[in-house]
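> structure for the following, please:
(2 chains)
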2 protein chains.
Amino acid sequence: MPTYKAPIRDMQFVMHEVFNSEQHYAKLGNEDATPDMVDAIMSEAAKFCEEVLAPLNKVGDQEGCTWVDGEVKTPTGFKEAYQQWVENGWPSLALPEEYGGQGLPDSMGSMVSAMVAEANWAWGMYPGLSHGAMNTLGMHGTDEQKETYLTKLVSGEWTGTMCLTEPHCGSDLGLLKSKAEPNSDGSYAISGTKIFISSGEHDMAENIVHIALARLPGAPEGTKGISLFIVPKFLPDGTRNEVQCGSIEHKMGIHGNSTCVMNFDKATGFLIGPENEGLRCMFTFMNFARLGTAEQGVASAELSFQGALEYARERLAMRSLTGPKAPEKAADPIIVHPDVRRMLMTQKSFAEGGRAMMTYATFLVDTVKLSKDEAEVKAANDMLSFLTPIAKAFLTEVGTEAANHGVQIYGGHGFIQEWGMEQIVRDNRISQLYEGTTGIQALDLLGRKILMSQGEALKGFTKIVHKFCKAEAENTELKGLVEKLATLNKEWGDVTMQVGMKAMQNREEVGGAAVDYLMYSGYISMGYFWLMMAKTAQEKLDAGTDEADFYKAKIATAKFYFDRILPRTESHRLMMMNGVESTMALDEDHFAF
Amino acid sequence: MPTYKAPIRDMQFVMHEVFNSEQHYAKLGNEDATPDMVDAIMSEAAKFCEEVLAPLNKVGDQEGCTWVDGEVKTPTGFKEAYQQWVENGWPSLALPEEYGGQGLPDSMGSMVSAMVAEANWAWGMYPGLSHGAMNTLGMHGTDEQKETYLTKLVSGEWTGTMCLTEPHCGSDLGLLKSKAEPNSDGSYAISGTKIFISSGEHDMAENIVHIALARLPGAPEGTKGISLFIVPKFLPDGTRNEVQCGSIEHKMGIHGNSTCVMNFDKATGFLIGPENEGLRCMFTFMNFARLGTAEQGVASAELSFQGALEYARERLAMRSLTGPKAPEKAADPIIVHPDVRRMLMTQKSFAEGGRAMMTYATFLVDTVKLSKDEAEVKAANDMLSFLTPIAKAFLTEVGTEAANHGVQIYGGHGFIQEWGMEQIVRDNRISQLYEGTTGIQALDLLGRKILMSQGEALKGFTKIVHKFCKAEAENTELKGLVEKLATLNKEWGDVTMQVGMKAMQNREEVGGAAVDYLMYSGYISMGYFWLMMAKTAQEKLDAGTDEADFYKAKIATAKFYFDRILPRTESHRLMMMNGVESTMALDEDHFAF
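Numbering: from 1, shown residues only, chains lettered A, B, ... in the order given. The predicted structure follows:
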């Protein structure tokens, strides 16, 4: 396994220098959240992630979870790490003080989660899923429900899950069958089978609070007849509830996390939110869950970059094409070879570009949750709603690419489990699937958000980019990049218009273009974040700094991104423009003979 | 695991109709190899692959190999399947009659291997590695060596390996350290450690013939001081030789194949070929081994396509954007959704396009081995040498892409081992690494083959494409595709010239452009093979046929490839044209802070 080192300087750069955390937090009423305070938390969390979680990442993969008679044993060390996590107060960091939280802004929780994700994603899913349950309870629970469940989740004594998927339906929740029959005491008897329930059963906490979707008697069919329930493993009076883990899945990766089949057999549940509006309530949480998943892509890029960089500096093979660079050695370290560098720079640009995108998004979450200015909340919410499918799908796609570069840089050794590089590929592969596949995110972006808003959702973002490019038009050092981004930003609008026109003729065009459109949008958005970073770095250099190498590296990476990654937009554009006709031409029966 | 069905009709189409196997074989003196005879062999092999090998594919993954005290146990059923394989005479199919072979052309062996690869790649590597050893012995062994070893390999009683890699060197064999000390009887004492030796030890055959690289005393350093040796597990007199399996690797995939650390401790070896020319001798074999690996990419595309197609027809989720397609069901099968189709068509176009490329290449191998016409042999050899790195790297890269689409189409289920889709991703991942990584193939193509021949190697291929496009210029049905290909074919030459010019200024440009250039070349070459298939299909339709749907599907898939895959060339072109400067700009010490 690569030795994980939290990328503290990079995180500080993005939070404090690019996005001015001090001003951001102060504006939202968190004057205490100075860079020094943020850095202190960052450094404590980094220590925990590096020393406690990272060494367990391989253990988790190799041991996996074990299921015996409905009980799930997590890998060696997972439980103890969780105890430390709880004792140190990490679960409550960014949660409301009224439920025992420390009241810090959401983005500070995300900052910590980002390191947890890099150090040990499978472990991080246990506290991570609680987050979803807490958000749902916080937004839709009654005071009593909050008092009973939320406080225990905030302290970390209990963990939570989200129970959506059933064997026959995942993306299409309208098909779900689980039932909720009213009991005489106002509770419900929940019956049905849920699958793919992450952290559904485990030995790390004393109780597990399931948030489950089910149908009330006589509820309308489809998505409009689904309600949301709290179904705790142990009821408030201590009784064991009739929700049991029937088995755990054997998966490609994230072996350290239990992925459970959960059988609800007239389990006692309590309605949250209005009847039949469960899906809407759930979706208030889904955007945050999707951002959490986006983080997995960034984490995989970072971890595989760290591993690959170490190896590329040490492994010797052949000489540089321009003559020996380490003549005292039997061969040059492979980092001298342009193709190895191309892969390293690609990983680096995805990890750091992704971090910038995620930080921007989590700052938007702060604004949505904390701002008192309604217009500001709406604007932040709109922007978040636009960026979320891009972050979720684009960052997880490029995360898998980066992880594969990591394997490739190791050559044959990359395929061997011992080195830990292939684990990153396996672990990250799920991120493109859960919380809505890449295809689902793409439809959400293009179909639901952009085209249904007549392009308004896109304009919110392209306007910002336009303004930025205009302001930097005379930036001597970055002129070339600014021009490229401005051109693409304009093209983005044109392409959207063209796809929209095609879609008016044939609705299939939306589905046919969606993933190309999403990737196209992802590359351009990341281009904007890279240019912001380059601009900030340039300002620091112009002002004089003793960290010139650090800032120059940001500008060099931005230039690489613009030269060697951003041109990918062009193929995506051309493929979209070629339309959906040939994709749909083949009769379903003629795919194979 | 997807239920494997050999794509017989597709194979026949390519072999007989697109590349006219009857004429090809007759010209090389194999008049017996009529389409009927080829089909009979194909159908027998298909039966074996479908019924015996395919069911063992998952077993191999789940059980893996076990190492105890130097002995390796292969997964349940592997040994018995191998016995059947030998009893049915499959090992000797395409080997010379003088060593007990059946004397059929190489491409017929490849046709069988292609199905083995699709059904169970890990199993196929046991007989597959023998092939490498046989080629080396056949080309460089003495008559006595051939008599002793080759006949046993041909019959399948023994298997073979290729022992190249050492812990500190893989791509750069110049660094290898294994030693060969002369014994008084003319044999050599071989000492050293070899790693990643596929099929290095197992329980399937009574003896294993290792072909190993080592250095003679006083040999020049680097690649010019390496010699080639036969090192059998059991010596001809029955003595156990001092070559032992020290351990087996735990890998991302191909668990059914043993990947061994082989310790040579003064093992008795016999020189093959001239002293110090081992690497050259090995490379006569490497081209064939690389083609064999290319097949893995095609196999993964085919198998994952089959699995995904089955699921896409059965799994129900949401309604088509143009209204219900299966109104009697709770939702439409997901094959109606454009993005699912896009992935299926991509897999299909890679599997079938790759099959055409491979068939063309194996027909070239026939010509190289069997033609009596020297000029024809040279031309075929040049073409093969040009196409091999493209086939090896491009087809394995798109094989991994296709396998990932297979996972994606299954949604969350794709991540679960039970369904078998994620195994294809894991198994195929090695194909981009062994027998020379994608980066190594790319340097071979652009640096060694194209630029060192002043572009002649490329012209050999682009001329054929040019001629083809000219001949089809008035093809009414395919005009659009012909024009696109002709344009790209011309551009290919221009791009090569531009990269060459850049490389004259800075040699790093070759390494910086190599992988983009290789992928660019791969997409265009596959475009040519798709257009050939479309043209053949159109001729059949024009002539009248009762298989109209089959031929129309070929044309539809070609159109999809041209619309939705081929535009990828444009991004690769732009990225190459942006040069290597930003890739190399960062100081080695400034990649991370």
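> chain neighbours aside, what residue packs nearest to the residue in the stretch 301-450 of chain A that chain B sits nearest to?
Closest approach between the stretch 301-450 of chain A and chain B, counting by C-beta to the nearest C-beta: residue A:338, at 3.4 Å. No exception for glycine: its C-beta is placed from N, CA and C like everyone else's. Once flanking residues are discounted, residue A:338 sits nearest to residue B:511: 3.4 Å by C-beta to C-beta, 6 or more residues apart in numbering or on different chains.
> which element is the one you found on?
helix B:508-543 (DSSP states H and E).
> which is the next helix or strand following that helix?
Next element after helix B:508-543 (DSSP H and E): helix B:548-564.
> dump the C-alpha coordinates for the next helix or strand after that next one into PDB.
Downstream of helix B:548-564, the next assigned helix or strand under DSSP H and E is helix B:568-577. Taking Å, rounded to 0.1, in the frame of the first residue of the first chain, the C-alpha atoms of helix B:568-577 are listed here in PDB:
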ATOM      1  CA  ARG B 568     -11.700  10.200 -30.400                       C
ATOM      2  CA  THR B 569      -8.800  10.600 -32.700                       C
ATOM      3  CA  GLU B 570      -9.300  14.400 -32.700                       C
ATOM      4  CA  SER B 571      -8.500  14.800 -29.000                       C
ATOM      5  CA  HIS B 572      -5.500  12.500 -29.300                       C
ATOM      6  CA  ARG B 573      -4.300  14.600 -32.200                       C
ATOM      7  CA  LEU B 574      -4.700  17.900 -30.400                       C
ATOM      8  CA  MET B 575      -2.900  16.600 -27.300                       C
ATOM      9  CA  MET B 576       0.000  15.400 -29.300                       C
ATOM     10  CA  MET B 577       0.200  18.700 -31.200                       C
END
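> gap between residue A:196 and chain B?
In this structure, residue A:196 and chain B are 5 Å apart, going by C-beta to the nearest C-beta, to the nearest Å.
> wait, doesn't that residue sit right on residue A:167?
No. With contact defined as C-beta atoms under 8 Å, residue A:196 and residue A:167 do not form a contacting pair (9.4 Å).
> more neighbours: which of the two?
The neighbour comparison of residue A:196 against residue A:167 (other C-beta atoms under 10 Å in any protein chain shown) goes to residue A:196, with 25 against 13.
> the residue of the stretch 301-450 of chain A closest to chain B: neighbour count?
Around residue A:338 there are 26 residues (other C-beta under 10 Å).
> so it is in contact with residue B:508, correct?
Yes. Look at residue A:338 against residue B:508 with C-beta under 8 Å: they come within range, at 5.0 Å.
> overlap in contacts of those two?
Here residue A:338 and residue B:508 share the contacting residues A:321, B:580, B:584, scored by C-beta atoms under 8 Å, 6 or more residues apart in numbering or on different chains.
> list the contacts for the residue nearest to residue A:338?
When contacts are counted by C-beta under 8 Å, 6+ apart, residue B:511 touches A:321, A:337, A:338, A:339, B:443, B:447, B:580.
> dump those residues into TSV; add distance to residue B:475 and secondary structure as well.
Converted to TSV, the contacts of residue B:511 look like this (distance: C-beta to C-beta, whole Å; DSSP: H, G, I helix; E, B strand; the rest coil):
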residue	distance to residue B:475	secondary structure
A:321	44	coil
A:337	44	coil
A:338	41	helix
A:339	39	helix
B:443	37	helix
B:447	37	helix
B:580	40	coil
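> which one of those is nearest to residue B:326?
Using C-beta to C-beta, residue A:339 comes nearest to residue B:326 of the contacts of residue B:511, at 47.9 Å.
> what is the burial count for the closest residue to the closest one other than its chain neighbours?
Take residue A:339 and drop its neighbours on the chain: the residue closest to it by C-beta to C-beta, 6+ apart is residue B:439, 4.3 Å away. Residue B:439 is flanked by 26 other residues according to other C-beta under 10 Å.
> kindly report the same for residue A:291.
Residue A:291 has 24 neighbouring residues, counting by other C-beta under 10 Å.
> quick one: pLDDT of it?
At residue A:291, the model reports a pLDDT of 94.
> got it, and residue A:337?
98.
> could you measure from it over to residue A:232?
Taking C-beta to C-beta, to the nearest Å as the measure, residue A:337 falls 56 Å from residue A:232.
> rewinding a little: what's the helix or strand hosting the residue nearest to residue A:339 packed up against?
Residue B:439 belongs to helix B:438-443 when elements are defined using DSSP H and E. Here helix B:438-443 touches helix A:338-370, helix B:374-409, helix B:508-543, going by 3 or more C-beta pairs under 8 Å, 6 or more residues apart in numbering or on different chains; DSSP states H and E.
> can you give me the strands for chain A?
A:66-68, A:71-73, A:158-163, A:179-182, A:188-198, A:207-214, A:227-232, A:243-248, A:259-272 (DSSP state E).
> so what's residue A:461 closest to, chain neighbours aside?
Excluding the flanking residues, the one nearest residue A:461 by C-beta to C-beta, 6+ apart is residue A:386, at 5.9 Å.
> list the residues that contact that neighbour.
A:445, A:449, A:450, A:457, A:458, A:460, A:461.
> count of neighbours near residue A:234?
15.
> beta partners for the closest residue to it other than its chain neighbours?
Nearest-residue entry for residue A:234: residue A:207, 4.8 Å, with adjacent residues in sequence omitted and distances by C-beta to C-beta, 6+ apart. Beta-bridge pairing for residue A:207 (DSSP bridges): residue A:158.
> which residue does the stretch 51-200 of chain A have closest to chain B?
For the stretch 51-200 of chain A, C-beta to the nearest C-beta, closest residue to chain B: residue A:172, 3.9 Å.
> what of the stretch 401-550 of chain A?
residue A:511 (3.4 Å).
> how far away is that residue from residue B:553?
According to C-beta to C-beta, residue A:511 and residue B:553 sit 21 Å apart.
> residue A:222 too?
On the measure of C-beta to C-beta, residue A:222 and residue B:553 end up 35 Å apart.
> ok, the two, which is more surrounded?
For residue A:222 and residue B:553, the more surrounded residue by other C-beta under 10 Å is residue B:553, and the numbers stand at 23 against 15.
> lowest mean pLDDT among the helices and strands, pick that one out for chain A.
Sorting the helices and strands of chain A by mean pLDDT, DSSP states H and E puts helix A:278-314 at the bottom, at a mean of 93.
> next, the buried residues of that helix.
Using 16 or more other C-beta atoms under 10 Å in any protein chain shown as the test for burial, helix A:278-314 gives A:278-279, A:281-282, A:285-309, A:311-312.
> care to break chain A down by domain?
A:281-441, A:455-582 (automatic domain parsing).
> any idea how far the first one is from the chain center?
Once both centres are worked out by C-alpha atoms, centre = their mean, to the nearest Å, domain A:281-441 turns out to sit 10 Å from its chain's centre.
> before we move on, what about the last one?
Its chain's C-alpha centre lies 20 Å from the corresponding centre of domain A:455-582 when counted by C-alpha atoms, centre = their mean.
> what about that domain, how long is it end to end?
26 Å (C-alpha to C-alpha, to the nearest Å).
> show me what the mean pLDDT comes to for that domain.
Rounded mean pLDDT across domain A:455-582 is 97.
> spatially nearest residue to the most centrally placed residue in chain A (excluding sequence neighbours)?
Nearest residue to the geometric centre of chain A (C-alpha atoms, centre = their mean): residue A:294, 1.9 Å. Spatial nearest neighbour of residue A:294, excluding adjacent residues (C-beta to C-beta, 6+ apart): residue A:391 at 3.9 Å.
> quick one: that neighbour and residue A:361 touch, right?
Yes. Here residue A:391 reaches residue A:361: they are 5.7 Å apart, a contact under C-beta under 8 Å.
> between those two, what contacts are shared?
Joint contacts of residue A:391 and residue A:361 (C-beta under 8 Å, 6+ apart) are A:291, A:294.
> so these two - more neighbours on which side?
Under the criterion of other C-beta under 10 Å, the comparison of residue A:391 against residue A:361 puts residue A:391 first, with 27 against 24.
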